[in-house]
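Q: All I have is the shape, not the residue letters:
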């Protein structure tokens with residue numbers, strides 16, 4: 001089959017849905033994966049008829065990865081032009097008082113899930129000329145976000161994995177890229193900030209920071225897949241943070257000590 005194909009985790013909503021819509025509109029076959037069966041069907045209904053397959057997938061489970069990618073490869077004729085490791089969850093609040101199970105779940109979804117996807121997906125990626133693995137990192141992977149320590153740590157982890165694999169997989173013709181959005185208009189912003197009844201969205205607005213449309217991330221994903229940049233920052237806040245982390249780390253450290261505002 002000559003139709004290019006993208007497999008998207010977290011495809012039931014948010015960034016995953018927006019990227020699915022954009023790539024399908026531009027003629028790609030789409031594999032939608034998520035634990036949310038109803039959300040998957042909602043996304044598929046938004047796409048052109050026959051453009052997508054859906055796959056129930058808990059990214060923490062390697063066996064489910066094997067089954068999902070095998071089913072997708074059957075539908076795509078063995079092509080995997082882009083593996084979009086996008087599924088993620090947010091965890092905020094004081095690290096020392098966070099329930100251990102919540103810490104472990106965040107690590108398992110945000111990092112171990114990406115590791116499974118990369119490991120299981122590599123044979124298909126390496127068999128598809130010009131393929132890309134795209135990972136959703138975060139502005140929280142630029143500088144540690146006080147009040148979202150474990151989330152931030154997982155986003156640093158996938159950033160490091162991307163940098164390592166972009167070098168390691170170059171010989172196989174597979175590129176690796178990340179997206180580093182700041183505050184994006186997705187359901188994650190409607191979660192309470194840890195230790196309070198306030199939504200993350202409310203805190204972002206109170207701080208005077210912008211919330212970017214999710215469509216901006218989809219366009220950034222398209223640019224990342226087709227361009228030479230390893231880490232694509234999305235939104236003014238992410239770009240400013242990248243600059244500050246390089247040139248003003250002391251100021252960022254002081255700000256982190258004063259603030260517990262989570263990032264996405």
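A: Structure's in. What do you need? Bear in mind the structure is a predicted one, so any value in this text is a computation, not a measurement.

Q: Now do residue 161 against residue 215, distance only.
A: Per CB to CB, to the nearest Å, residue 161 is found 27 Å from residue 215. Glycine gets a C-beta too; all of them are placed from N, C-alpha and C.

Q: the more surrounded of the two?
A: Counted by other CB atoms under 10 Å, residue 161 and residue 215 do not tie: residue 161 has more neighbours, with 20 against 15.

Q: need the contact list for that one.
A: 111, 114-115, 118, 135 (CB atoms under 8 Å, 6 or more residues apart in numbering).

Q: In which helix or strand does it reside?
A: Secondary structure assigned from DSSP states H and E places residue 161 in helix 149-168.

Q: For the following helix or strand past that helix, buried residues please.
A: Once helix 149-168 ends, the next helix or strand along the chain (criterion: DSSP H and E) is strand 175-181. The neighbour-count check on strand 175-181 (16 or more other CB atoms under 10 Å) flags 175-181 as buried.

Q: ok, these vs residue 243, which is closest?
A: Ranked by distance to residue 243 (CB to CB), the buried residues of strand 175-181 are led by residue 180 at 12.7 Å.

Q: Report the separation between the closest one and residue 137.
A: From residue 180 over to residue 137 (counting by CB to CB), the distance is 5 Å.

Q: joint contacts of those two?
A: Between them, residue 180 and residue 137 share the contacting residues 159, 231, judged by CB under 8 Å, 6+ apart.

Q: Residue 117 is in contact with residue 83, correct?
A: Yes: shown here, residue 83 and residue 117 form a contact pair, counting by CB atoms under 8 Å, at 6.2 Å.

Q: what about these two, which has more around it?
A: Taking other CB under 10 Å, residue 83 and residue 117 do not tie; residue 83 has more neighbours (30 against 26).

Q: any idea whether the more buried one is helix, strand or coil?
A: Classification of residue 83 by DSSP: H, G, I helix; E, B strand; the rest coil places it in strand.
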